[in-house]
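Undergrad: structure for the following, please:
(chains A, B, C and D)
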4 protein chains.
Amino acid sequence: MYVFDYDIRVRYAETDKMGYLFYGHYANYYEIGRVEAFRALGLRYKTMEDDHNIMMPVVNMDVRYIAPAYYDETIKVRSTLKELPTKMITFDHELFNSEDKLINKARVKLFFVDMLSGERISAPEYLVQALLKYFDD
Amino acid sequence: MYVFDYDIRVRYAETDKMGYLFYGHYANYYEIGRVEAFRALGLRYKTMEDDHNIMMPVVNMDVRYIAPAYYDETIKVRSTLKELPTKMITFDHELFNSEDKLINKARVKLFFVDMLSGERISAPEYLVQALLKYFDD
Amino acid sequence: MYVFDYDIRVRYAETDKMGYLFYGHYANYYEIGRVEAFRALGLRYKTMEDDHNIMMPVVNMDVRYIAPAYYDETIKVRSTLKELPTKMITFDHELFNSEDKLINKARVKLFFVDMLSGERISAPEYLVQALLKYFDD
Amino acid sequence: MYVFDYDIRVRYAETDKMGYLFYGHYANYYEIGRVEAFRALGLRYKTMEDDHNIMMPVVNMDVRYIAPAYYDETIKVRSTLKELPTKMITFDHELFNSEDKLINKARVKLFFVDMLSGERISAPEYLVQALLKYFDD
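TA: Alright, predicted model coming up:
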């Protein structure tokens, strides 16, 4: 299992007239969580796209909104991989507010696409290699 | 069953570097679909919030991304209520691109909150009344 | 002079915790105003980018915020070209709220870039031609 | 003179189909720059709004776009106050990319509003006090 935490502060632009983090912006937080989870592994998503021509479109996202997030709060985005990626990669995200209360949960499934052929491919080997030590049980 | 279609054109600001409508912005399209579905019933969501002090936070959103949407495309957002709202209201959204291909599906569940007490309440009677004729079978 | 009006309804996602259209989203409204002003001339900005490889980056934007815009209001975006484009094109945008009060003004200057060479170019001839009749005085 | 630097990484959601940071999102970066410049002074903008009922709407923004910002780049937002705030506060923002090249400049003028009366007021005394030492010449 690979778990990575990353803090994001709620921006003014992300609030809505309820005073909450707008429900659509959570997807953005998951995306940042994923990218930073990769960076912590020594992988840069930008490099995957720009140099390796691999992109990772989201195919499914299931979100549960438990409690609101407020302006200027620091939200901890926990991103968990429970399984090694194969044709698909599944992230479980949990968001905690500044009182460490769980306020949001999401499962996001992505696949890998070769940008040159437009075809779906398996997880690149360097990604699997970088993750192996977290799954050797 | 109540079904309402509303067209939204993909904005430049909503595209990402893949050239697609960014996956986080779909939530925004659903929100517009819901508000316009209400407006077509003679109900204005702004009035619900500002005059009736009822807000409708999203509690669950389950999205399936089937194909990308592109800049300047007109996307048809179909919003369907399969059941009358009670303590909860469930919208099924289907998005069709300019070739009428289904590109995205989502189920969004919201509840009703009295903004003065902060308590969950049942669907307001005028909303149920406005919907009744679509469900008299 | 070429003047074009286009209505945009303020989205929930665009409001902030003040309950106003967030000040950063006005740039988005200008962009839509420009694109629709082009469309009314028979020109599609998407075609310029995708088929003619011309893009129009903004080089300067000067905005005056006069009064707020609110959720669900319909804002009229007036886009005016006071001069024919040459190396540069200058749009004057005026935004009016639902009571026809001027709430925002902006001057936005853009130039034309050949996406293949990365070089600045003059306004494409078909754009100048489409505008000529509005300037024959 | 008070100068504060704050780093912001360009998010995927903020890119557009040109692959650039969308021109409308710069306003968001300035806003974050201002809020963090205040925080470094020991002031929290959220507290100003929520506890002191003072909000700071933007009245003017003049932006010059010099070069694009790209996905995943870290942008340094330099926020400068050249004068003590009175009825107005003026921020000069300069954005530098990861090669320390100046890519964007903006002057943003805001005023202070008492949220209870809706009236314009002068800069709150604690803000002026916090800034004084940077202007004692």
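
Undergrad: who's in contact with the nearest residue to A:V113 once chain neighbours are set aside?
TA: For A:V113, ignoring the flanking residues on the chain, the nearest one in space by Cβ to Cβ, 6 or more residues apart in numbering or on different chains is A:M55 at 5.2 Å. For every residue, glycine as well, the C-beta is placed using N, CA and C. The contact partners of A:M55, by Cβ atoms under 8 Å, 6 or more residues apart in numbering or on different chains, come to A:48-49, A:112-113, A:115, B:18.

Undergrad: ok, A:M55 to D:Y71 distance?
TA: Distance from A:M55 to D:Y71, counting by Cβ to Cβ, to the nearest Å: 12 Å.

Undergrad: pLDDT (mean, whole number) over the longest strand anywhere in chain A?
TA: Using DSSP state E to define each element, chain A has its longest strand at strand A:102-114. For strand A:102-114, the mean per-residue pLDDT is 98.

Undergrad: what comes up buried for that strand?
TA: A:103-104, A:106-108, A:110-113 (16 or more other Cβ atoms under 10 Å in any protein chain shown).

Undergrad: summarise which helices and strands that strand is packed against.
TA: Using 3 or more Cβ pairs under 8 Å, 6 or more residues apart in numbering or on different chains; DSSP states H and E, the elements in contact with strand A:102-114 are helix A:26-40, strand A:54-55, strand A:58-65, strand A:88-96, strand A:120-121.

Undergrad: distance of the residue nearest to the spatial centre of chain A from C:Y12?
TA: Centrality entry for chain A: nearest residue to the mean C-alpha point is A:R34, 2.9 Å, by Cα atoms, centre = their mean. Using Cβ to Cβ, A:R34 is found at 26 Å from C:Y12.

Undergrad: what does chain A have sitting close to chain B?
TA: Within reach of chain B by Cβ under 8 Å from any Cβ of the partner chain, chain A has these residues: A:17-18, A:20, A:23-28, A:31, A:49, A:55, A:57-65, A:68.

Undergrad: for the residue of chain A positioned farthest from its centre, give its distance to A:R64.
TA: Relative to the centre of chain A, and counting by Cα atoms, centre = their mean, the farthest-placed residue is A:K17 at 26.3 Å. Between A:K17 and A:R64 the distance is 23 Å, computed by Cβ to Cβ.

Undergrad: so what strands line up beside the longest strand of chain A?
TA: Partners of strand A:102-114 in the sheet, by DSSP bridges, are strand A:54-55 (antiparallel), strand A:58-65 (antiparallel), strand A:88-96 (antiparallel), strand A:120-121 (antiparallel).

Undergrad: need those in CSV (columns: mean pLDDT).
TA: As requested, these are arranged in CSV below (pLDDT from 0 to 100):
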stretch, mean pLDDT
strand A:54-55, 96
strand A:58-65, 98
strand A:88-96, 98
strand A:120-121, 98
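
Undergrad: rebuild the ones you listed as a markdown table, extending it with distance to C:S79.
TA: Formatted as a markdown table, these follow (distance: least, Cβ to Cβ, whole Å):
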| stretch | distance to C:S79 |
| --- | --- |
| strand A:54-55 | 35 |
| strand A:58-65 | 35 |
| strand A:88-96 | 40 |
| strand A:120-121 | 42 |
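
Undergrad: who wins for proximity to C:T86 among these?
TA: strand A:54-55 (38.7 Å; Cβ to Cβ).

Undergrad: returning to what we had before: return the most buried member of the helices and strands packed on strand A:102-114.
TA: Mean neighbour count (mean count of other Cβ atoms under 10 Å in any protein chain shown) peaks for helix A:26-40 among these, with a mean of 22.

Undergrad: quick one: distance of the longest strand of chain A to the chain centre.
TA: Taking Cα atoms, centre = their mean, to the nearest Å, one finds strand A:102-114 lying 6 Å from the centre of the chain it belongs to.

Undergrad: what angle sits between it and helix A:26-40?
TA: 70 degrees (axes from the mean of the first three to the mean of the last three Cα atoms, to 10 degrees).

Undergrad: dump strand A:102-114 to PDB, keeping only the CA atoms.
TA: Taking C-alpha atoms only, strand A:102-114 is exported to PDB below (Å, rounded to 0.1, in the frame of the first residue of the first chain):
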ATOM      1  CA  LEU A 102     -12.600  13.500   7.600                       C
ATOM      2  CA  ILE A 103     -14.600  15.700   5.300                       C
ATOM      3  CA  ASN A 104     -14.500  14.000   2.000                       C
ATOM      4  CA  LYS A 105     -13.700  10.700   0.400                       C
ATOM      5  CA  ALA A 106     -13.300   9.800  -3.300                       C
ATOM      6  CA  ARG A 107     -12.200   6.800  -5.400                       C
ATOM      7  CA  VAL A 108     -10.700   7.900  -8.700                       C
ATOM      8  CA  LYS A 109      -9.900   5.400 -11.500                       C
ATOM      9  CA  LEU A 110      -7.600   6.400 -14.300                       C
ATOM     10  CA  PHE A 111      -6.200   4.500 -17.300                       C
ATOM     11  CA  PHE A 112      -3.000   5.000 -19.300                       C
ATOM     12  CA  VAL A 113      -3.100   6.300 -22.900                       C
ATOM     13  CA  ASP A 114      -0.300   6.400 -25.400                       C
END
